[in-house]
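**Student:** Pasted the sequence and its predicted model underneath.
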Amino acid sequence: MFKIILIAVAVILVTIGLVWLIDKYVPSKVKPVLTIALWALIFYLGYLTFMSIYEPIQFNKVKKQRYAAVIERLIDIRDSQLAHQQVTGQFAPTFDNLVKFIDTAQFTITQRRDSTVIDEELTKRYGGVETTKEITIIDTLGFKSVKDSLFRNSDRYKTMMNVPNTNDQFKMEAGLLDQNDIKIPVFEASVKKNVILSDQDQDLVIQENQVISVDGVNGDALKVGSMNEVKTNGNWPITYGESD
């Protein structure tokens, strides 16, 4: 883009030079037409130069606003999935399952405490000499609604599957990943940048899909979790908020 701007500026300067030469050497009858045409060209090139700077600035502004809104939804999806795993031992395969879970599920509130009890087997083995052992007791203190814990008085979880500013939904998968012969629950929710920025300049969208940067969202999608790794964080930088 910087190279294009330099070329446009160079052409403008050359055109201004031509205007000066026409004013100095061209016959007066022809001069007005050529001068008007060249000034029109100067203004047109100036406009192109301005837009080459202005459009990327506006694109980045829109991109950051939309990414922020998308990331808020992805965080809600992740928190809901982690709650689902905590209660059921696995991640929800669909948004319908996830919403129904939030509407009905409860967290169990527990308290762990250590206690000392008689070890009957060792006591018998030692001829009646009383022997004790340490155990951990988990007491159930009550239950708390998942919906109240995660969303309080909000019902935004009912629309968390919808990608903001579009008519599309996030893609979500859930399953088991085999690691060292152990089946580990995993999930992934994602949306392509092309969907988020569908109404923007497509050349700039193509550039955005190729971003590799510490301060940018690398790759062609925003996502949280992974079907190929055991992780539940998002792929956005800290400038958009915590991804863990």
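**Tutor:** Looks like it arrived, so ask away.
**Student:** bridging residues for the closest residue to residue 90 other than its chain neighbours?
**Tutor:** Spatial nearest neighbour of residue 90, excluding adjacent residues (C-beta to C-beta, 6 or more residues apart in numbering): residue 185 at 4.7 Å. To be clear about C-beta, it is placed using only N, CA and C from the backbone, and glycine gets the same treatment. Under DSSP bridges, the beta-bridge partners of residue 185 are residue 176.
**Student:** Count the residues that sit near residue 185.
**Tutor:** 16 (other C-beta atoms under 10 Å).
**Student:** for the protein, longest helix please?
**Tutor:** helix 31-88 (DSSP state H).
**Student:** can you give me the helices for the chain?
**Tutor:** Under DSSP H, the chain gives helices at 2-25, 31-88, 95-104, 120-125, 146-151, 193-196, 202-209.
**Student:** If I average pLDDT within each of those, which one is lowest?
**Tutor:** Ranked by mean pLDDT, the helices of the chain end with helix 2-25 in last place, scoring a mean of 63.
**Student:** quick revisit: shouldn't the residue nearest to residue 90 be in contact with residue 92?
**Tutor:** No - Residue 185 lies out of contact with residue 92 (C-beta atoms under 8 Å); the separation is 10.2 Å.
**Student:** if I look at the two, which residues touch both of them?
**Tutor:** residue 174 (C-beta atoms under 8 Å, 6 or more residues apart in numbering).
**Student:** Quick one: residues contacting the residue nearest to residue 178 when sequence neighbours are not counted.
**Tutor:** Nearest residue to residue 178, sequence neighbours excluded (C-beta to C-beta, 6+ apart): residue 184, at 7.8 Å. Neighbouring residues of residue 184 by C-beta under 8 Å, 6+ apart: 176-178, 230.
**Student:** Closest to residue 100 out of the residues you listed?
**Tutor:** Among these, residue 176 lies closest to residue 100 (C-beta to C-beta), at 21.2 Å.
**Student:** My guess is the closest one contacts residue 186. True?
**Tutor:** Yes - assessed by C-beta under 8 Å, residue 176 is found in contact with residue 186 at 7.0 Å.
**Student:** Could you check which of these two is surrounded by more residues?
**Tutor:** Shown here are residue 176 and residue 186; by other C-beta under 10 Å, residue 186 has more neighbours (23 against 13).
**Student:** How about that one: what's its closest non-neighbour residue?
**Tutor:** Counting by C-beta to C-beta, 6+ apart, the residue nearest residue 186 is residue 177, at 4.6 Å.
**Student:** what do you get for residue 171?
**Tutor:** residue 190 (5.3 Å).
**Student:** where does the closest residue in space to residue 230 that isn't next to it in sequence land on pLDDT?
**Tutor:** Spatial nearest neighbour of residue 230, chain neighbours left out: residue 184 (5.4 Å); criterion: C-beta to C-beta, 6+ apart. pLDDT for residue 184: 95.
**Student:** same deal with residue 134?
**Tutor:** Predicted confidence (pLDDT) for residue 134: 73.
**Student:** what about it, neighbour count?
**Tutor:** 9.
**Student:** So it sits against residue 118, correct?
**Tutor:** No - with contacts counted by C-beta under 8 Å, residue 134 stays clear of residue 118, the gap being 11.9 Å.
**Student:** I figured residue 147 hits residue 102, correct?
**Tutor:** Yes - contact criterion C-beta under 8 Å: residue 147 and residue 102 qualify, at 5.1 Å.
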